[in-house]
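In: Show me how the following folds:
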Amino acid sequence: MKRTKVTDVLQDTEYGKKVCVKGWVRTHRSSKAVDFIALNDGSTIKNVQIVVDPAAVDVKAPANASEGTTVADALKLITTGSCIAAVGTLVESPAQGQASEIQCEQIEIYGLCGSDYPMQKKGQSFEYMRQYAHLRLRTNTFGAVMRIRHNMAIAIHDYFHRHGYFYFHSPLITASDCEGAGQMFQVTTKNLYDLKKDEDGKIIYDDDFFGKTTSLTVSGQLEGELGATALGAIYTFGPTFRAENSNTPRHLAEFWMIEPEVAFIDLNDLMDLEEDFIKHCVRWALDNCRDDLEFLNKMIDKGLIARLEGVLKEDFVRLPYTKGIEILQEAIKNGHKFEFPCEWGDDLASEHERYLVEEYFKKPVIMTDYPKDIKAFYMKLNDDDKTVQGTDVLFPQIGEIIGGSVREENYDKLMAEINRRGVPMKDMWWYLDTRKFGTCPHGGFGLGFERLILFVTGMQNIRDVIPFPRTPKNAEF
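Out: Model (predicted):
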């Protein structure tokens, strides 16, 4: 019989029909007269209840079951984590909290699950579950997070497609360092035990696969600028890599980035884009992930849905960096304690950003016009020659969720900044060509996908919103 997904069964009111569901057992309760099996197949946070009369059900035991296994014995084998198929009649449920259930006639056991199954139905810490990232996906919490993650990816493509952007695939292997920080994973086919070096002790890459030093990308922005200056408006959405030895709840070595880049955009238009885009994503979650959000609101973060709805109600504050520093220094004068200093010219710490968002303004903030020395070389210089047209979108509980800027389109100004900073540009002649041949005003931003998922789910650690986190000393699964 053809399988019906649990999400479809729970919405079906054609009582009396035969249905077949397949999935993994969440709970199995037995009494003398009847068994209740809660079954989930990942299609929804909700389980379907299978009502089993041991005297009337036909149970097909797994192939490795001992000969002569009775129905009662086979039912006892069905424990949390077991995989089964159940065929029965869809009926209206007398139980509170569920509209329908299945009066079971047949069960086929696909796979048993012993008492050593790590995801038993009991309270386990997220730290514990990270050891079993290959199995934690079957839990209610991680099922909800992954369904929301899927929906956020769909929301992103939907937004940009509707607004005339082209999906642009930037390379994962690159010879350039967009951020200039040098925290990149090197890509090589060389024998690391027998490296050829020149007379200065530097490794010779002439015989390597690409004939030069190459690494995994930290950003698709520079290539995205090439696309924007040809197609008008593009976005990239793909994995990026940072070899940064950060063991924090906000950092991953492998994560996904969304990076739109737009020709003929100014600072105000860029901030409008950032706000409109992120509101679209939040609205999509509220409209399409309600069951999962309600579960997470109940079990993980009781203020989650209110916070998401609050983002849609409020206009984001647009705050110059200098004014932000003044607010923070005034807070210090009034007795507020920060761990890190915040003088003009300092890069704001997460605690500063969250103070502005959560305590002072109590709404999202777009901070602009940062000192040029704490931002990237490609940001457009303001007339004061001290600040640049950078934008950071700051969110409650997250801090920075978006970083963007208007790019410096003037060749001479860009080269002056490159030379002042000593940025290695020998392999980036192609990037400078955009300023030499038909330069145009343009800008864009980068949004860390996992930080968006953190905000939308209420989860506290970025390692819990990606299926298989890559962090220092951790590349399992």
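In: Name the residues that touch the helix or strand containing Ala153?
Out: Assigned by DSSP states H and E, Ala153 falls within helix 140-162. With Cβ atoms under 8 Å, 6 or more residues apart in numbering as the test, helix 140-162 has contacts from 26, 40, 42, 45, 129, 136-137, 167, 235, 237, 258, 260, 277, 280-281, 284-285, 288-289, 292-293, 295-296, 299-300, 449, 452-453, 456-457, 459, 464-467. Just so you know, the C-beta spots here come from the backbone N, C-alpha and C atoms, and that holds for glycine as well.
In: Show the average pLDDT along it.
Out: Taken as a whole, helix 140-162 has a mean pLDDT of 98.
In: What are the buried residues along it?
Out: Across helix 140-162, burial judged by 16 or more other Cβ atoms under 10 Å covers 140-149, 151-153, 155-156, 159-160.
In: Could you name the helices and strands sitting against the helix or strand following it?
Out: Remark: after helix 140-162, the chain's next helix or strand is strand 166-167, criterion DSSP H and E. Packing partners of strand 166-167 (3 or more Cβ pairs under 8 Å, 6 or more residues apart in numbering; DSSP states H and E): helix 140-162, strand 233-241.
In: hang on, the earlier thing: C-alpha coordinates for the helix holding Ala153, PDB please?
Out: Listed next in PDB are the C-alpha coordinates belonging to helix 140-162 (Å, rounded to 0.1, in the frame of the first residue of the first chain):
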ATOM      1  CA  ASN A 140      11.800  16.800  17.900                       C
ATOM      2  CA  THR A 141      14.100  19.800  18.500                       C
ATOM      3  CA  PHE A 142      16.500  19.100  15.600                       C
ATOM      4  CA  GLY A 143      13.700  18.100  13.300                       C
ATOM      5  CA  ALA A 144      12.000  21.500  13.900                       C
ATOM      6  CA  VAL A 145      15.300  23.300  13.400                       C
ATOM      7  CA  MET A 146      16.100  21.500  10.100                       C
ATOM      8  CA  ARG A 147      12.600  22.100   8.700                       C
ATOM      9  CA  ILE A 148      12.900  25.800   9.500                       C
ATOM     10  CA  ARG A 149      16.400  25.800   8.000                       C
ATOM     11  CA  HIS A 150      14.900  24.400   4.800                       C
ATOM     12  CA  ASN A 151      12.200  27.000   4.800                       C
ATOM     13  CA  MET A 152      14.600  29.900   5.300                       C
ATOM     14  CA  ALA A 153      16.600  28.700   2.200                       C
ATOM     15  CA  ILE A 154      13.400  28.700   0.200                       C
ATOM     16  CA  ALA A 155      12.500  32.200   1.500                       C
ATOM     17  CA  ILE A 156      15.900  33.500   0.400                       C
ATOM     18  CA  HIS A 157      15.600  32.200  -3.100                       C
ATOM     19  CA  ASP A 158      12.000  33.400  -3.300                       C
ATOM     20  CA  TYR A 159      12.900  37.000  -2.200                       C
ATOM     21  CA  PHE A 160      15.700  37.500  -4.600                       C
ATOM     22  CA  HIS A 161      13.900  35.800  -7.500                       C
ATOM     23  CA  ARG A 162      10.800  38.000  -7.000                       C
END
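In: and it with strand 233-241, angle?
Out: Direction vectors for helix 140-162 and strand 233-241, defined by axes from the mean of the first three to the mean of the last three Cα atoms, to 10 degrees, enclose an angle of 150 degrees.
In: Buried ones in stretch 109-126, by neighbour count?
Out: Residues of stretch 109-126 classed as buried under the neighbour-count rule (16+ other Cβ under 10 Å) are 109, 112-113, 117, 119, 121, 124.
In: circling back: out of the helices and strands packed on strand 166-167, which comes closest to Cys83?
Out: Smallest distance to Cys83 across the helices and strands packed on strand 166-167 (Cβ to Cβ): 15.0 Å, for helix 140-162.
In: any residues touching the helix or strand bottoming out on mean pLDDT in the chain, and which ones?
Out: The helix or strand of the chain with the poorest confidence is helix 71-77; it has a mean of 89 (mean pLDDT, DSSP states H and E). Under the criterion Cβ under 8 Å, 6+ apart, residues 30, 35, 52, 54, 57-59, 61-62, 65, 107, 109, 112 lie in contact with helix 71-77.
In: Which other helices and strands does the helix or strand just after it contact?
Out: Proceeding C-terminally, helix 71-77 gives way to strand 83-92 as the next helix or strand, assigned by DSSP H and E. Contacts defined by 3+ Cβ pairs under 8 Å, 6+ apart place strand 83-92 against strand 18-30, strand 35-40, strand 48-52, strand 100-111.
In: Which strands or helices does the longest one pack on?
Out: In this case it means strand 18-30. With contacts defined as 3+ Cβ pairs under 8 Å, 6+ apart, strand 18-30 has these neighbours: helix 6-11, strand 35-40, strand 83-92, strand 100-111.
In: okay, those, which one's buried deepest?
Out: Using mean count of other Cβ atoms under 10 Å, the stretch among the helices and strands packed on strand 18-30 with the largest mean neighbour count is strand 35-40, at a mean of 21.
In: So what are the sheet partners of it and their directions?
Out: For strand 35-40, the paired strands and their directions (DSSP bridges) are strand 18-30 (antiparallel), strand 48-52 (antiparallel).
In: relative orientation of that strand and strand 100-111 in degrees?
Out: Here the directions of strand 35-40 and strand 100-111 differ by 80 degrees (the same axes, to 10 degrees).
In: just the angle between strand 35-40 and strand 83-92, please?
Out: Between the direction of strand 35-40 and that of strand 83-92, the angle (the same axes, to 10 degrees) works out to 110 degrees.
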